[in-house]
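J.: Curious how this folds, go ahead:
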Amino acid sequence: MHIELRYGQQGLPIELPDEQVTHLLHLSPVPRLNHPDEVAREACEEPIDSPPLRELARGRKDACVVISDITRPVPNHILVPPILEALIAAGLDPQDILIVVATGLHRAATEKELREMLGAEVVAGGYRIESHIARDQESHTYLGRTRRGTEVWVDSRYIQADLRVLVSLVEPHVFAGYSGGRKAICPGLSGAETILGFHSPALIEAPKAVAGNIADNATDQEAYAVATLAGRADFTINCTLNEERELTGIFGGDFFSAPLAAMELAEKQSKVIIDQPVDIAVTTNAGYPLDLTFYQVIKGVTAAAAIVKPGGTIIIAQENAEGIGNEEFTDLMLDVEEPHQFVRQALATGDNQIDQWGLHQLEKVLRDHQIYNYSTGIPVQVQRQLFVEPISSVEEGIQRALTEHGPEATIAVIPEGPYVMPVLSSDPRGQMNVRQMAALASYESD
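T.: From the prediction side, this is the model:
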């Protein structure tokens, strides 16, 4: 069986034995938007549970438009121009409009990336375009603590803005249920200390903190708590994408209602239910830009683990053209000798550090599964220090896994990696839809 995996920008063709591949899991086919520019404009003019953006912006002295960084394939060049048009039509001048790249703890956006994300016309349009810097505490405002005790620091530029607009991609999120919406604020615009709280050992370990679940998901609740203290947003634009990174939906409007509508479509696209777990899963980290660094590996292996038997094998292909990740994550991964002991101690003491959540999430998968890793961006000897078993090809990984699990072993292939959300029919996520989960969710009040 010939299969093309998402890998870097070029893809990775592989050959697998037909008789063992029991599941080839893709995003469900949802029609792409034929005229996304028009739909984006309609999302601003006819939003969900909200006045039109132009009406909201009328009389405001300035505006802050928040976008994701380069690690998220958000088509900002389509989504942002109609927002800017509405703000200008409401009476704001370009110099009164600040576009902030919500980097979380990632690096600042480069000029080249800004042109790639927003388009040359927006970059040259007289708008202020700046990146969030989580480690610069002086650029944040302290807003108190959440119910769980997280100190809340949020970018002062957002807090002080008279009008606030969030632009994001909604897709399954490894532990917060779904991305987008409130996550543009936490962790997107939050200070390092707040991000550490959001990624605390207790929240990462929470049993309901899994992709696709928003029913009493502690990390989802924490993101909403931070966003509530920050004043939430006046308007949101939320989008969904298909396998080809084409827009399938654009939802504008209320802080709760518009992201929930996007979650419903994301669930329809991404959730694939199977009845029995498999012995082996072949997956990816969705190709460029998500697989630029090993840091994002957690998303691919965690999604696959949901349908792999205890003791089973996960084979992941990820290019990692920029290596392991940022300095903190790299140092942590290379310093820790035994991940299980490290996580047990962190849970006992509450000790936490930047990007520790990534190691914790990886360790959770390693408790019950072996991970084979194919990467051309990280040397083999370094891969072993990252608690994965390097392989020279996906095919080699399959042969090794079949030797271990036997010739009758079953294989599931997930070419799109974490953009697909495989679940078992016995899983609560396989028995409820996102609207039903939302009815069970509870969030801190204003």
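J.: quick one: contacts for the residue lying closest to Ala192 once chain neighbours are set aside?
T.: Counting by Cβ to Cβ, 6 or more residues apart in numbering, Ala192 lies nearest to Ala134, which is 4.6 Å off, once chain neighbours are set aside. The C-beta positions use only the backbone N, C-alpha and C, and glycine is treated the same way. Ala134 makes contact with Thr103, Gly104, Leu105, Pro187, Ser190, Gly191, Ala192, Ile195 under the criterion Cβ atoms under 8 Å, 6 or more residues apart in numbering.
J.: Separate out the buried members of these.
T.: Buried by 16 or more other Cβ atoms under 10 Å: Thr103, Gly104, Leu105, Pro187, Ser190, Gly191, Ala192, Ile195, out of these.
J.: Might one say that Arg157 is in contact with Arg128?
T.: No - with contact defined as Cβ atoms under 8 Å, Arg157 does not reach Arg128; the gap is 9.2 Å.
J.: Mind checking which of the two has more residues around it?
T.: Neighbours were counted for Arg157 and for Arg128 using other Cβ atoms under 10 Å; Arg157 has more, 20 against 14.
J.: which outside residues touch the helix or strand hosting that one?
T.: When elements are assigned from DSSP states H and E, Arg157 belongs to helix 156-160. The contact list for helix 156-160 (Cβ under 8 Å, 6+ apart) reads 64, 66, 98, 100, 130, 139-141, 143, 164, 185, 189, 230-231.
J.: try 6 Å this time
T.: Cys64, Val100, Ser139, His140, Thr141, Leu189 (Cβ atoms under 6 Å, 6 or more residues apart in numbering).
J.: Those, buried ones only, as a PyMOL selection?
T.: If you want just the buried ones from the contacts of helix 156-160 in PyMOL, going by 16+ other Cβ under 10 Å, the selection is:
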select buried, resi 64+100+140+141+189
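J.: Any chance of JSON lines for the contacts of helix 156-160, columns secondary structure, distance to Ser392 and pLDDT?
T.: Shown next, in JSON lines, are the contacts of helix 156-160 (DSSP: H, G, I helix; E, B strand; the rest coil; distance: Cβ to Cβ, whole Å; pLDDT from 0 to 100):
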{"residue": "Cys64", "secondary structure": "strand", "distance to Ser392": "48", "pLDDT": "98"}
{"residue": "Val100", "secondary structure": "strand", "distance to Ser392": "43", "pLDDT": "98"}
{"residue": "Ser139", "secondary structure": "helix", "distance to Ser392": "46", "pLDDT": "98"}
{"residue": "His140", "secondary structure": "strand", "distance to Ser392": "46", "pLDDT": "98"}
{"residue": "Thr141", "secondary structure": "strand", "distance to Ser392": "51", "pLDDT": "98"}
{"residue": "Leu189", "secondary structure": "coil", "distance to Ser392": "42", "pLDDT": "98"}
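J.: Let me have the contacts of helix 156-160 in TSV, extended by distance to Asp93.
T.: Conversion of these to TSV gives the following (distance: Cβ to Cβ, whole Å):
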residue	distance to Asp93
Cys64	15
Val100	18
Ser139	24
His140	26
Thr141	25
Leu189	23
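J.: What is the nearest of the contacts of helix 156-160 to His23?
T.: Leu189 (38.6 Å; Cβ to Cβ).
J.: and His77, how many neighbours?
T.: His77 has 16 neighbours, counted by other Cβ under 10 Å.
J.: Asp49 too?
T.: Neighbour count for Asp49, taken as other Cβ under 10 Å: 12.
J.: Could you check the pLDDT of it?
T.: With respect to pLDDT, Asp49 scores 98.
J.: likewise Ser445?
T.: pLDDT, Ser445: 45.
J.: now swap in Ala441 and tell me
T.: What the model reports as pLDDT for Ala441 is 85.
J.: which one is it nearest to, not counting chain neighbours?
T.: Closest residue to Ala441 in three dimensions, ignoring its sequence neighbours and counting by Cβ to Cβ, 6+ apart: Ile214, at 5.3 Å.
J.: In contact with Ala57, which residues?
T.: Going by Cβ under 6 Å, 6+ apart, Ala57 touches Leu87, Ala90, Leu163.
J.: cool, and Leu5?
T.: Contacts for Leu5 were tallied using Cβ under 6 Å, 6+ apart; they are Leu12, Thr284, Ala317, Pro415.
J.: what sits against the last one?
T.: When the contact criterion is Cβ under 6 Å, 6+ apart, the partners of Pro415 are Leu5, Arg6.
J.: 10 Å - rerun?
T.: By Cβ atoms under 10 Å, 6 or more residues apart in numbering, Pro415 lies in contact with 3-7, 11-12, 14, 24-27, 243, 282-284, 286-287, 317.
J.: Report the separation between it and Gln137.
T.: Distance, Pro415 to Gln137, by Cβ to Cβ, to the nearest Å: 42 Å.
J.: Quick check: Asn238 touching Ser168?
T.: Yes - Asn238 lies in contact with Ser168 (Cβ atoms under 10 Å); the separation is 5.7 Å.
J.: Now for these two: what residues contact both?
T.: Counting by Cβ under 10 Å, 6+ apart, the residues touching both Asn238 and Ser168 are Val74, Leu79, Ser179, Gly180, Gly181, Ala184, Pro259, Ala262.
J.: Skip the chain neighbours and tell me the closest residue to Ala401.
T.: Leaving out its chain neighbours, the residue that sits closest to Ala401 by Cβ to Cβ, 6+ apart is Thr313, at 4.2 Å.
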